[in-house]
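1. Need a 3D model of the following:
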Amino acid sequence: MLALLFIIFAGLAIGCAIAVVAQRNPLYSAISLIGVFVALACLYVMLAAPFIAAVQVIVYAGAIMVLVVFVIMLLNVEAEERRRQRLRFLVPAAIVMAAIFVAETSFIMYSVRLTPFTPTNNISSTGITSQIGTGLFTHYLLPFEITSILLLMAIVGAMTLARRNVNLSPTTRLVPGAQVLARDILTPGSPEDLTVNEADSSAEAARLLGVERHVRREDIE
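-> Below you'll find the model as predicted:
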């Protein structure tokens, strides 16, 4: 029974992992990655490590993947466009690495079968949640608190970097590239005029805005 469950969950993990790299839509790849994490959590349960399985589901399949999906939807990433492959050696290299991985896995499984197994009555409590909680808040309380302080420092640093203002010089001119501008933008102080003025390049936009003198040649090129 355990062997059958292992084959099912391992096959699910491998299939979802292949789908992660095979899908052209990044959202489908993220969903396939959630399947990989759930399958790994099931394998951890079979190995008598319920705490690691719970962390796998809560942290990776839950929080991190929600963040990844949120970023994908926020950036509105569409399906990947197939382009001409530049690094053609990647496909043969991937095949060779996959063959090495399969051979290594087969060797390990064959070696395990040849190794005699002596059953013992001592049941390890390494992955039990209660044992981990007891050790975390007794013997390892100081490292746990130091880690929380480091995480707090990281959050404060990220907020500081995000709120940092960039002070531009009063003479700085930012010229867009290809844009569609309203006429009242080109002539400040004039009545509202939504007549379209198209600029196909940064040089043309600079000419329309009257800031040609402030645009460097290398910026136009």
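
2. CA only for contacts and neighbour counts going forward, please
-> Will do.

3. for the chain, longest helix please?
-> helix 90-114 (DSSP state H).

4. For Val38, grab the count of nearby residues.
-> 23 (other C-alpha atoms under 10 Å).

5. ok, now how distant is it from Leu2?
-> Distance from Val38 to Leu2, counting by C-alpha to C-alpha, to the nearest Å: 17 Å.

6. cool, and Val55?
-> 22 Å.

7. between those two, who's got more neighbours?
-> Higher neighbour count among Val55 and Leu2: Val55, with 13 against 8, using other C-alpha under 10 Å.

8. helices and strands of the protein: which one bottoms out on pLDDT?
-> helix 217-220 (a mean of 45; mean pLDDT, DSSP states H and E).

9. Quick check: what element follows the longest helix of the chain along the chain?
-> helix 129-136 (DSSP states H and E).

10. Could you look up the next helix or strand downstream of that following helix?
-> Downstream of helix 129-136 (by DSSP H and E), the next one is helix 141-162.

11. C-alpha coordinates for that next one, CSV please?
-> Below are the C-alpha coordinates for helix 141-162, written out as CSV (Å, rounded to 0.1, in the frame of the first residue of the first chain):
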residue,chain,number,x,y,z
LEU,A,141,14.5,30.1,22.0
LEU,A,142,17.4,32.6,21.6
PRO,A,143,18.1,31.7,17.9
PHE,A,144,14.3,31.9,17.3
GLU,A,145,14.1,35.4,18.7
ILE,A,146,17.2,36.5,16.8
THR,A,147,15.6,35.3,13.6
SER,A,148,12.4,37.3,14.3
ILE,A,149,14.5,40.4,14.9
LEU,A,150,16.3,39.8,11.5
LEU,A,151,13.0,39.5,9.8
LEU,A,152,11.8,42.7,11.4
MET,A,153,14.9,44.5,10.2
ALA,A,154,14.4,43.2,6.7
ILE,A,155,10.8,44.6,6.7
VAL,A,156,11.9,48.0,7.9
GLY,A,157,14.7,48.1,5.3
ALA,A,158,12.3,47.2,2.5
MET,A,159,9.9,50.0,3.6
THR,A,160,12.8,52.5,3.8
LEU,A,161,14.0,51.6,0.3
ALA,A,162,10.4,51.8,-1.1
